[in-house]
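Colleague: here is a sequence with its predicted model. Questions after.
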Amino acid sequence: MPTTKTLREGSTQKRAAILTAARELFLSDGFDRTSVDAVAARAGVSKRTVYDYFGDKRTLLQAVVDGVGQSLITTIRRILDDTLTESTGAIDLEDVLVTFSMRIATDMLGSAEYATLQRLVRTQFGPLPNGGENSMADTPDEALAERFAAFAAAGLLDVPDARLAADQFIALTFGVALNRFGSANAAEDTRVRPLVVEGVRTFLRAYRAR
């Protein structure tokens, strides 16, 4: 089916049903073995409706991945709001950053949604049309950079480039665990926390306000 035509926004309920059906089938049967007919049947819509709403099967996969990514972004923002708040000035910054990092390592990196994203993007399927996981790649870094900029304004950090500081923080904490263990799920691997703690300390040696 051609993908250049204008797609229908359609019914919110039908779109949700199609996305849920596609996600379940992609995970259970694989992308190649999942047909649009099977998605339509499980969603309770016509095959034509699936094509009208999403254009083709790979664009449907992209929509499923984007939905999971948005769910993870919501989790990250909730953790940021819970741990890295304006009241942080009265709290030990190392403890706060370790708490934030461990919440990410359990609530996000240890979540079923994150495992689903990994399976969709890396295990069963080839490259996605818009980069797949890259559709959410910048958002968490930018949200963390905003908090670091606020900490700098409060005199807690010295970060001339808040986005660079956020990228380096992620690399020093979760990035090290991912590179060494292939996972940063602290809920299942006790080796993650010591790496996170040392990563936070290394970050603060570079960026703590003097």
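Modeller: On my side now, so go ahead.
Colleague: my guess is Thr20 meets Ala43, correct?
Modeller: Yes: between Thr20 and Ala43 there is a contact at 7.2 Å, judged by Cβ atoms under 8 Å. The C-beta positions use only the backbone N, C-alpha and C, and glycine is treated the same way.
Colleague: what sits closest to Gln64 if chain neighbours are left out?
Modeller: Not quite, residue 64 is Val, not Gln. On the basis of Cβ to Cβ, 6 or more residues apart in numbering, the spatially nearest residue to Val64 that is not a chain neighbour turns out to be Arg23, at 4.8 Å.
Colleague: can you give me the distance of Ala152 to Ala162?
Modeller: Applying Cβ to Cβ, to the nearest Å, one obtains 7 Å for the distance of Ala152 from Ala162.
Colleague: how near is the nearest residue to Ala209 once chain neighbours are set aside to Arg205?
Modeller: With Cβ to Cβ, 6+ apart as the measure, Asp158 is the residue that lies nearest to Ala209, at 4.8 Å, once sequence neighbours are left out. With the distance defined as Cβ to Cβ, Asp158 ends up 12 Å from Arg205.
Colleague: which one's more surrounded, these two?
Modeller: The residue with the greater number of neighbours, taking Asp158 and Arg205 and applying other Cβ atoms under 10 Å, is Asp158; the counts read 13 against 8.
Colleague: can you count the residues close to Tyr51?
Modeller: Counted with other Cβ under 10 Å, the burial measure for Tyr51 works out to 21 neighbours.
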